[in-house]
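Participant: sequence and predicted model, in that order:
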Amino acid sequence: MDVIQKKMRDLAKKLEYHARLYYVYDRPEISDFAYDEMFEELKRLEEEYPQYKDKNSPTARVGGAALDKFRPAEHRVRLGSLTDVFSYDELRAFVEKAEREAGKDAYFSAEPKIDGLSLALTYERGELVRGATRGDGNVGEDVTENVRTIRSVPLTLPEPLSFVVRGEVFMPRAVFEKLNAEREKKGEALMANPRNAAAGSLRQLDPKITAKRELDLFVFNLQEGSLYADGSVPDSHTAILDRLSELGFRVLEGRERIRGFENVRRYVETLGERRPSLSYDTDGAVLKLDSLLLRRRMGEGTSTPNWAVAFKYPPEEKEATLLDITVAVGRTGVLTPNAVLTPVRLAGTTVTRATLHNADFIAEKDVRVGDTVIVRKAGEIIPEIVRSLPEKRTGGETPYTMPAVCPSCGEPVFRDEEAAVRCKNPDCPAQRARQIEHFASKDAMDIEGLGPRVVELLLAEGKIRDAADLYLLREEDLADLPGFGKKSAENLVAAVARSKGAGLERLLYAFGVRQVGEVAAAAVARKAGSLERLFTMTREEFCEIADVGGITADNLVSYFATDHARARADRLSAYGLYTLPVAQPAGEKLAGLTFVITGTLPSMSRDEAKKRIAAEGGKVSSSVSRKTDYLLCGSDAGSKLTEATRLGVPVIDEEKLLEMLR
């Protein structure tokens, strides 16, 4: 072996060893400076002698070249899910059934349920060869290049073993808060929670971006293969995780091997109390039979194993003081009151604000400034006030009254038939800003980098007056603005240019016509076929469209009859927007079916699920009604699940949707 090649291999082994001590076992033996010196030396040698660079070199931790797309990755052993239970009665029933079938002395492995993204890691002869997302359990996405950037994932093993392990990728809370602070400073939309942030980070096409997100991983299962040179596997789950820890994996912490329902209940309650202090998010506790022999005796159900369940904690609720009520003006002029709260930690983020919806909500809940209130996150995402606590009032609390004039423009406001207080001034600055933000939003024209702060800045500096002005922006218009440089100016102008081909359905949604959501916009665009045709369609023609009712039709006719709409359309066409006729669905497997989506799906975003449903002729609505055919339900489902149950709407999971699509 060449001297240089041997030196590079020795450096790589040392770096991997010290990285394992630091990121997995938390007992470093050398200083950060010494590690960085070795790392830079290896990096320099790889640049000089690229023929000797190994794909699992520690330098892969910083990310390589960007990918065009992810390849499908078929799992040899299915990555299944667990049955969820929500009460101690259900948990007791599982334990007693297991004890009847496996014996009274059966031990369980009790573990925290990490709120992240499931991943399968494949090793061959001690080398990481593939990292794949769960997908539908049978086929996921090959995200190997991104997985190599996760510092707690061993790139090489101390022994030349071949096996597949399953783990959960997550974003530590401290990293999530730092990332959101940076995004807020740049005027970008904040990430909803660490779970969504982890999923989005792992699925970046550019591994360098993933590397910056500082993801972590706990391994919780051996899928297949052997853990010893003689081909053997330990006979219990606990022993398997202990062995994986010896091999350099970060395994689930805080797990216990216990028996009997009372011990199980104690573990679940104790973990529930510890959740806020953990460095990562956990949304439940997992209970599994520890013995592999007893697992085989209990067997598998149709889609989940009989030997394990996941206990899901109810939404976390905490007390906070309502310090003030402020009012935000939306793009349609609606005044929305918002509660300003003392900071409270909920579902992975610090909450200081919560929506109060409207004046009727405030009156119904009897919420007053100065009240102690109970706060939670609806669906683990949106902060909401559950109730006030009148028994804690001291007499200094103040009932709230909605303002008589718009806080943005000072014009009188009016209460309409929808119980909304609305400003009707078309030149209201707040409405103009919100309209531009909506126009640029992900589901509309999808102009990356044009968040609320950037919009406010462009309006304040006189660079734009409405959304159409975005297409006149040049790099030199932006480069001297606060927070902008040459690169950020280039990126924004390029994002605006890309949006010109967004298509008619996105453009129609971007216009912000009242009561025209994504589903209705897509249906209307398919019917119209062109932007020009929208100006001549009658109320009757709009009403012929399945997703358009009488009120929505009236709103569309009224909008396209205005001089403002005509002028905006003419300007956008002149600036190069091309609104081609909308393509019809490629398939018909879901034709005529209406879906509503709630919760977090295991392997795809809601946007991706919408696209896949639409591609097969289905529709996605924003609210559950008797016309809903299916509720597609992920984890942390909110009120839509309750409403679907009340109405008798069938509830399906991602696995069932993928089965329907197949």
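Facilitator: Cool, got the structure.
Participant: bridged to residue 109, which residues?
Facilitator: residue 257, residue 288 (DSSP bridges).
Participant: any regions of the stretch 451-600 of the chain where pLDDT drops low?
Facilitator: Low-confidence segments of the stretch 451-600 of the chain, defined by pLDDT under 70, span residues 578-586.
Participant: need the helices for it, in chain order.
Facilitator: Counting by DSSP state H, counting those that start in this stretch, residue ranges of the helices within the stretch 451-600 of the chain are 452-460, 475-478, 486-498, 504-511, 518-528, 531-534, 539-543, 550-560, 563-574.
Participant: using TSV, please lay out those helices together with mean neighbour count.
Facilitator: (Glycine included, C-beta is placed from N, CA and C.) Listed next are those as TSV, based on neighbours: other C-beta atoms under 10 Å:
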stretch	mean neighbour count
helix 452-460	18
helix 475-478	16
helix 486-498	16
helix 504-511	24
helix 518-528	22
helix 531-534	18
helix 539-543	16
helix 550-560	17
helix 563-574	14
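Participant: which one of those lies nearest to residue 45?
Facilitator: Go through the helices of the stretch 451-600 of the chain one by one with C-beta to C-beta and the one that ends up closest to residue 45 is helix 486-498, at 30.4 Å.
Participant: contacts for the closest one, please.
Facilitator: The set of residues that contact helix 486-498 without belonging to it, under C-beta atoms under 8 Å, 6 or more residues apart in numbering, is 447-450, 454, 470-471, 473-479, 484.
Participant: which strands and helices sit next to the helix or strand harbouring residue 10?
Facilitator: Secondary-structure element containing residue 10, defined by DSSP states H and E: helix 3-23. If contacts are counted by 3 or more C-beta pairs under 8 Å, 6 or more residues apart in numbering; DSSP states H and E, helix 3-23 sits against helix 32-48.
Participant: let me know the average pLDDT across the next helix or strand after the helix it packs on.
Facilitator: Along the chain past helix 32-48, the next helix or strand (assigned with DSSP H and E) turns out to be strand 72-74. Strand 72-74 carries an average pLDDT of 87.
Participant: sheet-wise, list the partners of strand 72-74 with their directions.
Facilitator: Its sheet considered, strand 72-74 pairs with strand 139-141 (antiparallel) by DSSP bridges.
Participant: contacts for the partner strand next, please.
Facilitator: If you take C-beta under 8 Å, 6+ apart as the criterion, strand 139-141 is touched by 70-75, 79, 120, 132-135, 203, 603.
Participant: tabulate the residues you listed in JSON lines, adding columns for distance to residue 492.
Facilitator: Putting the contacts of strand 139-141 into JSON lines (distance: C-beta to C-beta, whole Å) gives the following:
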{"residue": "70", "distance to residue 492": "27"}
{"residue": "71", "distance to residue 492": "31"}
{"residue": "72", "distance to residue 492": "34"}
{"residue": "73", "distance to residue 492": "35"}
{"residue": "74", "distance to residue 492": "40"}
{"residue": "75", "distance to residue 492": "40"}
{"residue": "79", "distance to residue 492": "40"}
{"residue": "120", "distance to residue 492": "38"}
{"residue": "132", "distance to residue 492": "35"}
{"residue": "133", "distance to residue 492": "31"}
{"residue": "134", "distance to residue 492": "35"}
{"residue": "135", "distance to residue 492": "34"}
{"residue": "203", "distance to residue 492": "23"}
{"residue": "603", "distance to residue 492": "31"}
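Participant: from those, which two are the most distant?
Facilitator: Spanning the widest gap among those are 74 and 203, at 18.0 Å by C-beta to C-beta.
Participant: what about those two, which has more around it?
Facilitator: Between residue 74 and residue 203, counted using other C-beta atoms under 10 Å, the more crowded position is residue 203 (18 against 10).
Participant: just the pLDDT for the nearest residue to that one once chain neighbours are set aside.
Facilitator: Of all residues beyond its chain neighbours, the one nearest residue 203 is residue 143 (6.7 Å), with distances taken as C-beta to C-beta, 6 or more residues apart in numbering. As summarised for this prediction, residue 143 has a pLDDT of 91.
Participant: leaving out the residues flanking it, which one is nearest to residue 509?
Facilitator: Counting by C-beta to C-beta, 6+ apart, residue 521 is the residue found nearest to residue 509 once chain neighbours are left out, at 3.8 Å.
Participant: next up, the contacts around that neighbour.
Facilitator: The contact partners of residue 521, taken as C-beta under 8 Å, 6+ apart, are 505, 506, 508, 509.
Participant: kindly reformat those residues as CSV containing distance to residue 139.
Facilitator: As requested, the contacts of residue 521 are arranged in CSV below (distance: C-beta to C-beta, whole Å):
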residue, distance to residue 139
505, 29
506, 29
508, 35
509, 31
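Participant: which of these sit farthest apart?
Facilitator: The most widely separated members of the contacts of residue 521, counting by C-beta to C-beta, are 506 and 508 (7.4 Å).
Participant: quick one: contacts of the helix holding residue 10?
Facilitator: The contact list for helix 3-23, computed with C-beta under 8 Å, 6+ apart, reads 1, 27-30, 35, 38-39, 41-42, 45-46, 49, 52-54, 57-58, 61, 151-152, 154-156, 216, 248, 250.
Participant: residues of that helix that come out buried?
Facilitator: 7, 8, 11, 12, 15, 16, 17, 18, 19, 20, 22, 23 (16 or more other C-beta atoms under 10 Å).
Participant: which residues sit in contact with residue 309?
Facilitator: Counting by C-beta under 8 Å, 6+ apart, the residues that residue 309 touches are 82, 83, 84, 85, 90, 91, 94, 286, 287.
Participant: show me those residues that map onto helices.
Facilitator: Of the positions in the contacts of residue 309, 90, 91, 94 sit in helices, assigned by DSSP state H.
Participant: just the buried residues from those residues, in ChimeraX please.
Facilitator: Command for ChimeraX that selects the buried part of the ones in helices among the contacts of residue 309, burial taken from 16+ other C-beta under 10 Å:
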select :91,94
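Participant: quick check, nearest of the ones in helices among the contacts of residue 309 to residue 613?
Facilitator: Residue 613 has its nearest neighbour among the ones in helices among the contacts of residue 309 in residue 90, at 31.2 Å by C-beta to C-beta.
Participant: surely residue 209 and residue 200 touch.
Facilitator: No - with contact taken as C-beta atoms under 8 Å, residue 209 and residue 200 are classed as non-touching, separated by 9.6 Å.
Participant: SS state for the closest residue to residue 467 other than its chain neighbours?
Facilitator: Once its chain neighbours are removed from consideration, residue 467 has its nearest residue in residue 439; the separation is 4.0 Å (C-beta to C-beta, 6+ apart). Secondary structure of residue 439, reduced to three states by DSSP: H, G, I helix; E, B strand; the rest coil: helix.
Participant: all good on my end, thank you.
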